[in-house]
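Student: dropping a prediction and its sequence here:
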Amino acid sequence: MKGRRLTLFLPVLFLLALSIGVDSRAEDLVAQTGFDAFCREWLHKLKTRGCYSPERPCELQDKSDPEVKITGYSSIEKVTSMVVKKTLVPESPYVGILKYSVINYCLEEGNTDQFKPCGYQNVTEIFSYRNGKWTY
């Protein structure tokens, strides 16, 4: 009798474990697909609202000399990676890591209309996934 119950119990346990694995993979896919769309939207917001075009430059402080102000903008050149990783935190089961490169352009002293490259940055941004959506 014990052997028969165990024989019936093992397939049920296997199917339960399989369904949990399928649910987990489906949630992983939803998070990854959602992160791809979230990153495209985020980069669009940066480009349209930030200092990311010569038509909308910003005045920045020179890191080497705080007295000096520099007029410039940044150009997002290339997205190098968009990765989703699982966490051990139930409230935020995933983090998304967005990496991209930026070229900074500055006005040369005395010049009011011609921007020249003046720096390069690699940027890493980390976002959390909460309540079924990615957050800034």
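Tutor: Noted; the coordinates are in hand.

Student: could you say which helix or strand contains the spatially most central residue of the chain?
Tutor: Centroid-nearest residue in the chain, with C-alpha atoms, centre = their mean: Leu98, separated by 3.2 Å. Assigned by DSSP states H and E, Leu98 falls within strand 94-107.

Student: and that strand, what other elements does it pack with?
Tutor: helix 2-49, strand 69-86, strand 115-130 (3 or more C-beta pairs under 8 Å, 6 or more residues apart in numbering; DSSP states H and E). (Glycine included, C-beta is placed from N, CA and C.)

Student: so can I have CSV of these showing mean neighbour count and mean pLDDT?
Tutor: Formatted as CSV, the helices and strands packed on strand 94-107 follow (neighbours: other C-beta atoms under 10 Å; pLDDT from 0 to 100):
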stretch, mean neighbour count, mean pLDDT
helix 2-49, 12, 69
strand 69-86, 15, 92
strand 115-130, 13, 94
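
Student: turn these into CSV, including distance to Ile103.
Tutor: Shown next, in CSV, are the helices and strands packed on strand 94-107 (distance: least, C-beta to C-beta, whole Å):
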stretch, distance to Ile103
helix 2-49, 13
strand 69-86, 5
strand 115-130, 6
